[in-house]
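>>> Below are the sequence and a predicted model for it; my questions follow.
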Amino acid sequence: MFIDIHVHPAFYEPINEDPAREDLRHEALDIHKNGTAPLEHIFNQMRCAGLDKLCLLPEDYSGSVGCLVTNEEIKKLVDMARTSSSALLPWIPGIPKRRKSWSMPSGI
C-alpha cells in the first residue's frame, strides 16, 4: 500500500465554494495560476501515481491570515470520499487514533 502522507487540500473543489475564501488561499499561499480540482480529478491522479491513500492536513496560518484549511473542511472531504469509495485520511493534530501495533526488529 502506498500513502502520500503530506497533502494540503487547499484547492480541492468541494471546500472552495466561497470565491472569497479561495482568493484568500491563493493570496496567502502565493499560488495564482491554478484553479480548483474536483475529487474525481484527485482520485484519477492517485490512480496514475499508484497511491492508495492520501493523508490530508489542515493549514493554519493563525499568526498572519488565519486558518486556510480547517479540520471541518478536512472532515467534509473525508466524508465525501467515503461515499465515493476512495481513500482520503484525515490528520487532525491532538486527536489520538487507534493504530495497529507495529513490531520493530530488535537492534534498530
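It's in.
>>> Geometric centre of the protein: which residue is closest?
residue 56 (2.6 Å; Cα atoms, centre = their mean).
>>> Same question for residue 20, what's its three-state structure.
Classification of residue 20 using DSSP: H, G, I helix; E, B strand; the rest coil returns helix.
>>> which residues touch it?
Residue 20 makes no contacts at all, as judged by Cβ atoms under 8 Å, 6 or more residues apart in numbering. For glycine as for every other residue, the C-beta is placed from the backbone atoms N, C-alpha and C.
>>> pretty sure the residue nearest to the centre of the chain is touching residue 75, no?
No. In this structure, residue 56 is not within contact of residue 75 by Cβ atoms under 8 Å, at 9.5 Å.
>>> Can you tell me the element residue 42 falls in?
Taking DSSP states H and E as the criterion, residue 42 maps to helix 39-49.
>>> Okay, now the sheet partners of the next helix or strand after that helix, with direction.
Reading on from helix 39-49 to the C-terminus, the next helix or strand found by DSSP H and E is strand 53-56. Strand 53-56 has the following strand partners under DSSP bridges: strand 3-7 (parallel), strand 88-90 (parallel).
>>> need the longest helix for the chain.
Using DSSP state H to define each element, the chain has its longest helix at helix 71-83.
>>> related to what we said a few turns ago, least reliable of the strands paired with strand 53-56 going by mean pLDDT?
The stretch with the lowest average pLDDT out of those is strand 88-90, scoring a mean of 59.
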